[in-house]
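Colleague: Predicted model and sequence follow; I will ask about them next.
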Amino acid sequence: MHLGKNFNISHFARALERKRDLERNFSKAVDYAIENGPDFFLVTGDIYDRILPTNPERVFLTKKIRELRDSGIHVFMIGGNHEVPKTARLTDLAIESLQSAGLATVFSRSDRVQHRTIDVDGSKVCISGKSYNAMNESQNPLRNQRIPKKGNYNILMLHAAFHGLNVASSVPYFVDQNPIKTTDIRRGLNYLALGHYHNYFKRTHHNCTVCNPGSLEKITWAEEGDKKGFVWVELSKSGTDVEFIPLETRPMESKELVLSKESGDVNHFVSSFLKESADPKTILRLILKGRISRDQYQRFIVNELYRYAQENFFHFDLVRDELEVEGYGKIFVGRIESPIEAFIKRLNALIEKASPKEEEFLKLVKELGLKYLEAE
C-alpha cells in the first residue's frame, strides 16, 4: 500500500493527489471485501511507507480497518521493510495500534512466527505470520522457524523475497531482502501469502499456493508495465482458487526522443514532441538521447521545458544521461530520486570494482547504511 509515500512531486496539490491514488485503491479493495464478505483480509506488509506515518495516514487506515471489522471480517497484518524499525532506537510498529484497538491481528514479531487459529463453518483455519526482519535483512526469515500447521487449512504471511519457480521482481534490488526458497515451503501449508515484490505472481509447490499480489499502485518506474490489483482467494478441500482483481492506476509512460544537430532549437523541438501526447492525468518520463552541438546546449533551458510539461502533464521526469554534447560527451547528471537511491548506486559501483575482501566489507556498509537511512 505504501500509504504516505513521498513521490518527489514539487507541485503541492498534485503531490497530495498522488498520495490519494494509494488511498483510493486501498479503499476499492476494502469496498470489494465488504461487498463480497470474505472470512479474512490479509495485508502482507508495507502498509505505511515510513516507520513514523503522519496522523492523516493513521486516521485513514484506522477508518478503513474499522469498516472491515464492523462488517465481520477478520483483518490480519504483518510489517514490511518500510515500517519495521531498522535500529534499536525504535521498537514498535505503527500498525500495532490497530491490534491495541481491537481492530486487527498484527503479527509484529520479526524474530519468530506467530499464529492464531479461528473456526470457520466447522473448519479450523490457522493463520501465521512474521514481520520483516530489518535487523538482518540478508537472512532467510524462516531460518530455524517452525511454521504452525494446526488447522484444516494453514496460511502463512511473509514479507520476503521469493527465489525459485521462475519468479522475478520488477524492482531488482528487492531480491536480497529476507530471501526465502521453495525448500522453505513445507507440506501441510495451503497458502503462502507474500508481500514485498511489487509485481503480481502466483505459483504452486507441494500443493501450496504461493501468491504475491504486488502493490496497489505503480510506485517506481520499474513497475511501468505492471498490472496492479489485489487477489481474492478461496480455500477448499479440492484446492485453492486465486482471482486477480485489477485496479485502475495513475497512467505512467516513458518516451524516447533522439536529438541531433538537425533538431534545431532543443526546447522547441522537445516541446513540439510533448504536445502530441499531452495528458493532464499522465506521469511522463522523457528519455533524451543522441548528440547536440555546443550552441544547442547553450540555448537549452531545462526549467523552461519543465514549466511547459507541468502545464500539460500530471508530472514530468526528464532523463538526459544518454544525451551527448559535441566536444564534451555525456555531461548531464542523472536524476536521483532520493538519498537512499544515491547511496545504493554509489555502493553498488564500489562493490563492482572491489576485491573479494573489500566486497564483503562494502556489502556490510551498504546493509548498515540502509538501515539508518530508512529509519529516518
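Modeller: Everything's here; your move.

Colleague: Over to stretch 132-150 now: how far is its first residue from its last?
Modeller: Start-to-end span of stretch 132-150 (C-alpha to C-alpha, to the nearest Å) is 23 Å.

Colleague: Tell me the gap between it and the middle of its chain.
Modeller: 20 Å (C-alpha atoms, centre = their mean, to the nearest Å).

Colleague: And the average pLDDT for it is what?
Modeller: The average pLDDT within stretch 132-150 is 92.

Colleague: Go through stretch 166-181 and flag the buried ones.
Modeller: Val167, Ser169, Ser170, Val171, Phe174, Gln177, Asn178, Pro179, Ile180 (16 or more other C-beta atoms under 10 Å). (Each C-beta comes from the backbone N, C-alpha and C, glycine too.)

Colleague: what about the closest residue to Tyr200 other than its chain neighbours, neighbour count?
Modeller: Nearest-residue entry for Tyr200: Gly214, 4.2 Å, with adjacent residues in sequence omitted and distances by C-beta to C-beta, 6 or more residues apart in numbering. As a burial measure, Gly214 scores 26 neighbours (other C-beta atoms under 10 Å).

Colleague: Quick check: what element follows whichever strand or helix holds Val106 along the chain?
Modeller: Element membership for Val106, per DSSP states H and E: strand 105-107. Using DSSP H and E, the next helix or strand after strand 105-107 towards the C-terminus is strand 114-120.

Colleague: Each with direction, which strands does the helix or strand following that next one pair with?
Modeller: As assigned by DSSP H and E, the chain's next helix or strand after strand 114-120 is strand 123-130. Strand 123-130 pairs in its sheet with strand 114-120 (antiparallel), strand 153-159 (parallel), by DSSP bridges.

Colleague: which one's the longest helix in this structure?
Modeller: helix 12-36 (DSSP state H).

Colleague: And for it, what's in contact with it?
Modeller: Defining contact as C-beta atoms under 8 Å, 6 or more residues apart in numbering, one finds that helix 12-36 is touched by 1-7, 9, 41, 60, 64, 67-68, 71, 73, 216-217, 228, 230, 232, 245, 247-250, 314-315.

Colleague: residue contacts, Ala205?
Modeller: You called it Ala, but residue 205 is His. His205 makes contacts with Gly164, Leu165, Thr182, Ile185, as judged by C-beta under 8 Å, 6+ apart.

Colleague: Pretty sure the second one sits against Thr183.
Modeller: No. Contact status for Leu165 versus Thr183: not in contact, 11.6 Å apart, counting by C-beta atoms under 8 Å.

Colleague: Would you mind listing the residues touching both of these two?
Modeller: Counting by C-beta under 8 Å, 6+ apart, no residue touches both Leu165 and Thr183.

Colleague: Am I right that Tyr197 is in contact with Phe162?
Modeller: Yes. Between Tyr197 and Phe162 there is a contact at 7.0 Å, judged by C-beta under 8 Å.

Colleague: which SSE is the residue sitting furthest away from the middle of the chain in?
Modeller: The C-alpha centroid of the chain is most remote from Asp295, which lies 42.4 Å away (C-alpha atoms, centre = their mean). Element membership for Asp295 (DSSP H and E) is helix 294-299.

Colleague: residues of that helix that come out buried?
Modeller: Gln296, Tyr297.

Colleague: and what of stretch 328-347?
Modeller: Phe332, Phe343, Ile344, Leu347.

Colleague: sorry, back to before: looking at the longest helix of the chain now, give me its mean pLDDT.
Modeller: On average, helix 12-36 scores 96.

Colleague: again with stretch 98-113
Modeller: Throughout stretch 98-113, pLDDT has a mean value of 96.

Colleague: which parts of that stretch are buried?
Modeller: Of all the residues in stretch 98-113, those buried under the rule 16+ other C-beta under 10 Å are Leu98, Gln99, Leu103, Ala104, Thr105, Val106, Phe107, Ser108, Ser110, Val113.

Colleague: The last one against Gly129, yeah?
Modeller: Yes. Counting by C-beta under 8 Å, Val113 touches Gly129, with 7.0 Å between them.

Colleague: Identify the contacts common to the two.
Modeller: Phe107, Leu156.

Colleague: what about Gly225, which SS state?
Modeller: Of the three states, Gly225 takes coil under DSSP: H, G, I helix; E, B strand; the rest coil.

Colleague: The closest residue in space to it that isn't next to it in sequence: what secondary structure?
Modeller: Nearest non-adjacent residue to Gly225, counting by C-beta to C-beta, 6+ apart: Ser170, 8.0 Å away. Three-state call for Ser170 (three-state DSSP): coil.

Colleague: CA atoms only: put the strand or helix carrying Arg346 into PDB for me.
Modeller: Assigned by DSSP H and E, Arg346 falls within helix 339-353. Provided in PDB are the C-alpha atoms of helix 339-353 (Å, rounded to 0.1, in the frame of the first residue of the first chain):
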ATOM      1  CA  PRO A 339      19.300   9.900  -0.800                       C
ATOM      2  CA  ILE A 340      18.700   6.100  -0.400                       C
ATOM      3  CA  GLU A 341      18.900   5.600  -4.100                       C
ATOM      4  CA  ALA A 342      22.000   7.700  -4.300                       C
ATOM      5  CA  PHE A 343      23.600   5.600  -1.600                       C
ATOM      6  CA  ILE A 344      22.600   2.300  -3.200                       C
ATOM      7  CA  LYS A 345      24.000   3.500  -6.600                       C
ATOM      8  CA  ARG A 346      27.300   4.600  -5.100                       C
ATOM      9  CA  LEU A 347      27.800   1.400  -3.000                       C
ATOM     10  CA  ASN A 348      26.900  -0.900  -5.900                       C
ATOM     11  CA  ALA A 349      29.600   0.900  -8.100                       C
ATOM     12  CA  LEU A 350      32.200   0.400  -5.400                       C
ATOM     13  CA  ILE A 351      31.300  -3.200  -4.800                       C
ATOM     14  CA  GLU A 352      31.500  -3.900  -8.500                       C
ATOM     15  CA  LYS A 353      35.200  -2.800  -8.600                       C
END
